[in-house]
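**Student:** what follows is a protein structure lacking sequence information:
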């Protein structure tokens, strides 16, 4: 009896310590800014601040690093579009993390005029990687997870091992914060100073960021033989992205990505059901050279199904095809400075045309 | 099935449930089956070896009690020792001897090589068997009549693979007169299991990363501070690893109603090497004392014989750890230190002296122990010498440990000092519920924040 009580109290004590440290703002305010969680939190806080500084003509964009545009350039034509653009995208993130991001960024589901999701493709193309089992999600959203999310979040992973890891992390966040916490203990002063520096500078560092002007100009691909001719001066990273993404062999199509998108976009759309916020999907410029359409037999287009919902808008799939040129990409995935300079105003104009004129209050 | 895995905790939970829900006469059978299952989960083939040794030593014990003629009794003892040491020698030392024989006779190094897998825990259960047979021979232990009881003594899963080496009289006292564990026992058991797991996963495995990195790339990590910090990391790893394992073994034995002897008593607070060996792997050092050092004559034959006995005991103790010259040198080093201490200390009791000198003595002893660990951890003698060269004559280098590692070391030092003076961990188990639960919660929290869950680092002593 005594031992049972001791065990129970000890476990409660553990949960209490964990909650005190990681479920209050104490520790999450001082996460390493360069870590996945730290980046995610910095972006979230930056956008929360931006909400207070802008009117009700805000358009938030969400995506991963492929959604490379400069809000600054889009906002240079706000006088024409009437909308202010903010980018809440996080490199390496996906729709599961965007769901948790939006839940805390826009708790009443009414703050934005539109939320724009940038996708590689409206059709559902499975890759070799199972998005359900992307453990990075846990690290991105850990500070956002609540007790009530634990079971559901863990169940969204496919493998038993990852389900266990996710459940453990969602219940006891210390397991996920371990490395960050140890690094913090190694030099707390340095961490606090760096966090404060990032808080002061993050808005301008990101808003005024100028992308490199490296390009793949001269890249040629023979799709009949699946061979690429690299332009002179191509570095190893560029070659890797060409080989691993542009030239990737099609994976078996088993409907995994379709289910994933239906689940997580479905949840986001449900949150915004009946809201004034429009949900817009755009297809990002696919790459320096478009892959052949018949490379993979895509069985479905879940995003196309969403278009039937009242507040969902689908941008013309080919709206940004004109940017799919090697000279506008720094590697096989990302637009370069010139590409961004063209894409940003194009995006703003396109969104404006879809939303209609802004009626800022 | 490592003690720090989910699989093991499920296994333990099942065993505890089956054990306590069964009628009392069945319980030893449940433990026996569980122990063989535990052993077989590593390699079922070696169950046969375990059974063979069990049958031999059980029979030897019975004969020793039946036979009264001194020569016959001696013959039985020799037969049993030959079987035990024969198996141990073959599995553990054959290739070592073969390699050295090949080198001596100018043959290729692998001329006598056999692809032998070392059975898990053979060094431990062999020593346990030997102690039983010798005790029966000496008349200090009655032969066990029930073969099931004897089999359980040899294969009891909490201590089967890495000790502690339990003497027959303690084990059979608990087995033959088994009582449900008291509340104090269960409290202690829980505390020890939590403490052991924390020691292993939050301390040993974190220091293991540094030590493995250093000893895996000695040439790439030059420098005096680098070497000292790498060796320091290993010194803490091996202590937390082995004492953590032992704590868990003692703890789970308590939950099953068995009382194992203490195996570690804060060895790094020792004030001399003699003191160190009274605190480190106590079940082995007392075994070596009782079955090797004293039979060799102990300290009864004059100074030089004492030194010789100390050297022989420690050399064999070193060799017990592993079949390599490094372990022999490590044992020799310990024997030499013990002998030198004996020269200076004479017949004065250990620990006597000026109290204010204690911190200095403890630091020197710790440093000497670290130097010994170089031989213990290095892959070969060349590597050991390279590490020692860096420790004593290297360029400054850099410290491998991060500040939080020092924090862990500091916490453990504070806990050890507190334990040394007030045995507060022991007292905590008898403290009011809230205080005890807080202590456990702190350990859980350490485990959560510092536990190495992303890597599986086996217990060091499993290889012996």
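**Tutor:** Structure's in. What do you need? Computed from a prediction, not measured in an experiment: that's the story for all the values here.

**Student:** for stretch A:33-44, which positions count as buried?
**Tutor:** Of the residues in stretch A:33-44, A:33, A:35, A:36, A:37, A:38, A:39, A:40, A:41, A:42, A:43, A:44 count as buried by neighbour count, 16 or more other C-beta atoms under 10 Å in any protein chain shown. To be clear about C-beta, it is placed using only N, CA and C from the backbone, and glycine gets the same treatment.

**Student:** quick check: residues of the stretch 151-300 of chain B near chain A?
**Tutor:** For the stretch 151-300 of chain B, the residues in contact with chain A (C-beta under 8 Å from any C-beta of the partner chain) are B:183, B:186, B:187, B:190.

**Student:** now do the buried residues in stretch B:96-107.
**Tutor:** Applying a neighbour-count criterion of 16+ other C-beta under 10 Å, one finds B:96, B:98, B:99, B:102 buried in stretch B:96-107.

**Student:** over to stretch A:58-69?
**Tutor:** Neighbour-count burial for stretch A:58-69 flags A:58, A:59, A:60, A:61, A:62, A:63, A:64, A:66, A:67, A:68, A:69 (criterion: 16+ other C-beta under 10 Å).

**Student:** then stretch B:84-97?
**Tutor:** Of all the residues in stretch B:84-97, those buried under the rule 16+ other C-beta under 10 Å are B:84, B:87, B:88, B:91, B:92, B:93, B:95, B:96.

**Student:** and which of those is nearest chain A?
**Tutor:** Nearest to chain A among the buried residues of stretch B:84-97, counting by C-beta to the nearest C-beta, is residue B:91 at 34.7 Å.

**Student:** make sure that closest one is indeed in a helix.
**Tutor:** Yes: per DSSP: H, G, I helix; E, B strand; the rest coil, residue B:91 lies within a helix segment.

**Student:** contacting residues for it?
**Tutor:** Applying C-beta atoms under 8 Å, 6 or more residues apart in numbering or on different chains to residue B:91 gives the contacts B:116, B:117, B:118, B:119, B:122.

**Student:** in what helix or strand does the residue in chain A that chain B sits nearest to lie?
**Tutor:** Going by C-beta to the nearest C-beta, chain B is nearest to residue A:13 of chain A, at 2.8 Å. Secondary structure assigned from DSSP states H and E places residue A:13 in helix A:2-22.

**Student:** go on, residue A:115?
**Tutor:** In the assignment (DSSP H and E), residue A:115 maps to strand A:114-119.

**Student:** give the rounded mean pLDDT of the helix holding residue A:13.
**Tutor:** The average pLDDT within helix A:2-22 is 92.

**Student:** tell me how many other residues crowd the closest residue to residue B:307 other than its chain neighbours.
**Tutor:** Nearest non-adjacent residue to residue B:307, counting by C-beta to C-beta, 6 or more residues apart in numbering or on different chains: residue B:339, 4.2 Å away. Residue B:339 has 19 neighbouring residues, counting by other C-beta atoms under 10 Å in any protein chain shown.

**Student:** doesn't residue B:339 lie inside a helix?
**Tutor:** Yes: counting by three-state DSSP, residue B:339 is part of a helix.

**Student:** that one and chain A, how far apart?
**Tutor:** Taking C-beta to the nearest C-beta, to the nearest Å as the measure, residue B:339 and chain A are separated by 43 Å.
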